[in-house]
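A.B. asks: Quick check, what structure comes out for this input:
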Amino acid sequence: MANNQPPGYEIPAEMRDFAEKSVEQARKAIDGFMGAAQKTVDTFEGSANTVQTSAKDATRKTFSYAEQNIAAAFDLAQKMVRAKDVQEAMQYQAEYVRSQFEAMQSQMKEFGSMAQTAMKQTGSKK
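C.D. replies: Predicted coordinates for the structure are as follows:
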């Protein structure tokens with residue numbers, strides 16, 4: 001009755017529940033913060049008529065990407081606290097890193113395109 005595999009470490013259900021609730025509370029706090037920040041930007045944009053369209057677009061994109069990245073991080077956190085073992089947690093981590101790398105590439109390409117467009121608009125006004 002020799003078993004050569006080490007026993008798997010199971011994360012207790014109570015610990016996963018506690019961690020899941022903590023992640024959800026943090027997600028709600030960040031959502032509230034992002035909402036307040038967005039309202040501040042909207043107020044600023046409404047009172048500052050000199051803000052250019054490209055700057056507004058960049059600001060909105062920045063908030064959008066920040067929200068997407070934060071949501072992805074919280075999704076990972078929820079998956080991690082629900083993981084049954086270390087192998088499953090490592091799989092979630094690898095998937096997260098891969099998807100975030102792809103998202104960052106896309107986001108940087110978008111910002112590069114926006115910068116080029118803004119430079120062209122600025123150059124044509126001279």
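
A.B. asks: Below-threshold pLDDT in this protein: ranges please.
C.D. replies: Applying pLDDT under 70 to the chain flags residues 1-8, 44-52, 121-126.

A.B. asks: Swap in 90 and give it another go.
C.D. replies: 1-64, 66, 80, 83, 89, 104, 107-108, 110-126 (pLDDT under 90).

A.B. asks: Okay, helices next: where are they in the chain?
C.D. replies: Taking DSSP state H to define them, one finds helices in the chain at 13-47, 53-82, 86-124.

A.B. asks: can you redo those helices as a markdown table with mean neighbour count?
C.D. replies: Placement of C-beta: from N, CA and C, glycine included. Output for the helices of the chain, formatted as a markdown table (neighbours: other CB atoms under 10 Å):
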| stretch | mean neighbour count |
| --- | --- |
| helix 13-47 | 12 |
| helix 53-82 | 15 |
| helix 86-124 | 12 |
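
A.B. asks: Spatially, which residue comes closest to residue 16, not counting chain neighbours?
C.D. replies: Excluding the flanking residues, the one nearest residue 16 by CB to CB, 6 or more residues apart in numbering is residue 81, at 5.1 Å.

A.B. asks: Tell me the spacing between that neighbour and residue 56.
C.D. replies: Distance from residue 81 to residue 56, counting by CB to CB, to the nearest Å: 38 Å.

A.B. asks: Thank you kindly, that will do.
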